[in-house]
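A.B. asks: could you look at this predicted model? Sequence included:
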Amino acid sequence: MTKKDKQIKQLLDIEVENRNKNDEISYDKPDPLMVARRYDDEFIILLCALFAYGNAKLIVKFLDSLDFSLLNQSEEIIEKELKNHYYRFQNSLDVINIFKTFRRMKQENSLENLFYEAYKKENSILEGIDALIQKIHNLSNYNSQGFTFLVSSPFKRDKVGLIKENGNAPYKRWNMYLRWMVRDDNLDLGLWKNIDKKDLILPLDTHTFKVSQKLGLLDRKNYDLKSALMITDKLKEFDKFDPIKYDFSLYRIGQEKMEF
């Protein structure tokens with residue numbers, strides 16, 4: 001490890017220790033995780049992750065407006081109760097249909113089982129994500145631009161069927177969900193026990209992307225899956241067993257425009 005890398009690691013280790021506290025997430029310092037942490041239901045938590053785009057305060061405000069117990073109600077009740085709910089790119093029909101789809105999924109299988117079946121073959125986080133995305137689309141019997149944006153499209157693959165590193169988005173909200181579910185500390189929930197945290201991928205957003213470039217963790221200009229994987233590999237040099245423990249600190253450094 002170079003002298004510069006050691007300095008970066010020291011900086012990030014301090015940030016991780018300082019921010020791994022319950023009061024790091026609050027209405028004064030909003031994050032969708034503050035809503036997700038109220039529940040131990042993997043479907044509710046996934047809804048919190050999928051709607052986590054845009055302004056953090058507005059995300060939390062929208063999540064607070066949702067009655068997640070509707071996932072255990074009839075589809076008719078879901079339609080009635082959510083007819084006036086919308087968020088940015090999702091109209092009320094999109095919101096209604098993600099609730100209806102998750103209701104159906106809950107009756108069939110757990111998200112962890114579905115994810116693990118695809119993940120376990122090669123410890124592939126990407127294959128696990130892709131399996132869940134395809135399951136949601138197949139079960140929804142619904143299609144719209146807002147719904148596809150919310151859930152994401154299945155990964156683009158090459159001619160032999162492998163997921164492309166180039167040409168795919170970073171799938172930030174899915175990787176953030178997995179961080180929440182797999183890691184276990186004062187911030188993350190650790191509800192899934194069968195996935196190894198060393199396999200997690202950085203939930204790359206605009207904050208972590210710019211901070212990673214500024215710190216020298218990434219010398220690539222494309223905001224895509226390959227960049228997320230490259231930063232993850234770099235973070236494995238700092239902690240090969242838990243590289244994504246640095247994600248929240250990188251995010252806050254960018255969000256708070258910290259100088260270093």
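C.D. replies: Happy to help now that I have it.
A.B. asks: who are the contact partners of residue 116?
C.D. replies: 128, 194, 195 (C-beta atoms under 8 Å, 6 or more residues apart in numbering). For the C-beta atoms, the positions are set from N, CA and C on the backbone; glycine is no exception.
A.B. asks: list the contacts for the closest residue in space to residue 36 that isn't next to it in sequence?
C.D. replies: Of all residues not flanking residue 36 in the chain, residue 48 sits nearest, at 4.0 Å (C-beta to C-beta, 6 or more residues apart in numbering). Going by C-beta under 8 Å, 6+ apart, residue 48 touches 32, 33, 35, 36, 63.
A.B. asks: dump stretch 214-233 to CSV, restricted to CA.
C.D. replies: C-alpha atoms of stretch 214-233 as CSV (Å, rounded to 0.1, in the frame of the first residue of the first chain):
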residue,chain,number,x,y,z
LYS,A,214,-11.0,13.4,-5.5
LEU,A,215,-9.4,11.0,-3.1
GLY,A,216,-7.7,9.0,-5.9
LEU,A,217,-9.8,5.9,-5.4
LEU,A,218,-10.9,6.2,-9.0
ASP,A,219,-9.3,7.7,-12.0
ARG,A,220,-12.1,6.9,-14.4
LYS,A,221,-14.7,9.5,-15.6
ASN,A,222,-17.6,7.2,-16.4
TYR,A,223,-20.4,6.9,-13.9
ASP,A,224,-21.3,3.3,-14.4
LEU,A,225,-21.1,-0.2,-13.0
LYS,A,226,-17.4,-0.6,-13.9
SER,A,227,-16.5,2.4,-11.8
ALA,A,228,-18.5,1.0,-8.8
LEU,A,229,-16.6,-2.3,-9.2
MET,A,230,-13.2,-0.5,-9.5
ILE,A,231,-13.8,1.6,-6.3
THR,A,232,-15.0,-1.6,-4.5
ASP,A,233,-11.8,-3.4,-5.5
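A.B. asks: what residues does it touch?
C.D. replies: By C-beta under 8 Å, 6+ apart, stretch 214-233 touches 4, 8, 11, 126, 164-172, 175, 200-204, 206, 208-209, 212-213, 234-235, 243-244, 260.
A.B. asks: if any of those residues are buried, put those into a ChimeraX selection.
C.D. replies: Only the buried entries of these go into this ChimeraX selection, using 16 or more other C-beta atoms under 10 Å:
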select :8,126,168,170,171,172,175,200,201,202,203,204,208,209,212,234,235,243,244
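A.B. asks: where in the chain is pLDDT low?
C.D. replies: The model of the chain has pLDDT under 70 over residues 259-260.
A.B. asks: contacting residues around the residue nearest the centre of it?
C.D. replies: With distances taken as C-alpha atoms, centre = their mean, the residue of the chain nearest its centroid is residue 176 (2.3 Å). Residue 176 sits next to 49, 52, 203, 247 when contact means C-beta under 8 Å, 6+ apart.
A.B. asks: relative to residue 221, how far out is it?
C.D. replies: Separation of residue 176 from residue 221 (C-beta to C-beta, to the nearest Å) stands at 23 Å.
A.B. asks: ditto for residue 65
C.D. replies: Residue 65 is 38 Å from residue 221, where distance means C-beta to C-beta.
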